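Chemist: Here's a sequence, model it:
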Amino acid sequence: MSLQVRLKMQTNVPVEVEGVTPDAVREMSLDDIQQLTAFHGNRKMALAEIFEVSGDPSDGQIDWHGDLSGVHWIGAKMSSGNVVVHGNAGRHVGSEMRGGKIEVKGNAGDWVGGEMKGGRIHVQGSAGHLVGAAYRGSSRGMSNGTILIRGGVGNELGHTMRRGLVVVGGDAGDLVGFNMLAGTILVLGNCGIRHGAGMRRGTIGLLGEEQPRLLPSFRFGCRYQPGVMTMLLRDVVRQGFEIPEELFATAYDVYHGDLIEGGRGEILLRP
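Modeler: Numbering: from 1, shown residues only. Prediction:
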């Protein structure tokens, strides 16, 4: 049986659970886990004062229960194991994680996978702003791993992303791939404006039915069907993510940019 953590209090004050990860608690007793520090606002509290904690941590999985939209840093900095959130989650899900898997069965807040270095995050609902992004003042965002968001996301998806894969099944806001260093971002829905601004390398696929208007610092290259896109989409499907069948046989308009930064990045648009 996995470790079961269930929210037992109703509060409008944010709760932070950074450090409660499968690899950190795997060898701990249940009593020791219950005494781990959590923050309720700026108050330090024992985990057991906020959550009911039961089960066995030795199998490397933590199941979080309840409306956790105000609970932040779930799975942050984890390096192995599985985390399952049975509902909504707050900000910083999987931030700076190095390995393992996180599944959120509801929605998630901002900074999903912020500066993550490995592992996989799958959000069944929507997410907020700055998915896979760098923190303010940092030189790079996510540098490895996979983030799958079944619904939509907010602004600055993949801000300063260095490596890895982000796939969004719904719509996205503005500035997809802003200051992107490398990596791959795919948005299957429609999106806002100013995508790829300042990008140096990498691939952004904006695959919605409505073509967004690109910045003038992107230049049209050609229209073709890249074989690597088909391979990538099939791999995403194998990870349990739904991809519209027509995308497997679509030719894409390829734009090169940002020319201000050398023009080595590319944006693929659905014709």
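
Chemist: burial count for residue 44?
Modeler: Applying other Cβ atoms under 10 Å, we find 8 residues neighbouring residue 44. The way it works is simple: take the backbone N, C-alpha and C, and place the C-beta from them, glycine included.

Chemist: Residues touching the strand or helix carrying it, excluding its own?
Modeler: Assigning secondary structure by DSSP states H and E places residue 44 in strand 43-46. Strand 43-46 is contacted from outside by 34, 35, 36, 37, 38, 39, using Cβ atoms under 8 Å, 6 or more residues apart in numbering.

Chemist: now the last one, which residues is it bridged with?
Modeler: Looking back up the chat, that one is residue 39. On the basis of DSSP bridges, residue 39 is bridged to residue 16, residue 44.

Chemist: Between the two ends of stretch 29-42, what distance do you get?
Modeler: Its first and final residues considered, stretch 29-42 spans 26 Å by Cα to Cα, to the nearest Å.

Chemist: quick check: mean pLDDT across that stretch?
Modeler: Averaged over stretch 29-42, pLDDT sits at 96.

Chemist: And that stretch, what's buried?
Modeler: Neighbour counts over stretch 29-42 (16 or more other Cβ atoms under 10 Å) mark 33, 34, 36, 38, 39 as buried.

Chemist: chain center to it, what's the gap?
Modeler: 26 Å (Cα atoms, centre = their mean, to the nearest Å).

Chemist: next one: stretch 184-195
Modeler: In terms of Cα atoms, centre = their mean, the centre of stretch 184-195 is found 14 Å from the chain centre.

Chemist: Now tell me what touches it from outside.
Modeler: Everything outside stretch 184-195 that qualifies as a contact, by Cβ under 8 Å, 6+ apart, is 152, 155, 157-158, 161, 164-178, 202-210, 212-215, 232, 236, 243-244, 247, 267.

Chemist: Show the buried residues in those.
Modeler: Buried, going by 16+ other Cβ under 10 Å: 152, 155, 157-158, 161, 164-178, 202-208, 212, 214-215, 232, 236, 243, 247, 267, out of the contacts of stretch 184-195.

Chemist: Can you pick out the ones from the residues you listed that are in helices?
Modeler: Counting by DSSP state H, the members of those that fall within helices are 232, 236.

Chemist: from the buried ones among the contacts of stretch 184-195, which ones fall inside strands?
Modeler: Here DSSP state E is the test, and those give 165, 166, 167, 168, 203, 204, 205, 206, 267 as lying in strands.
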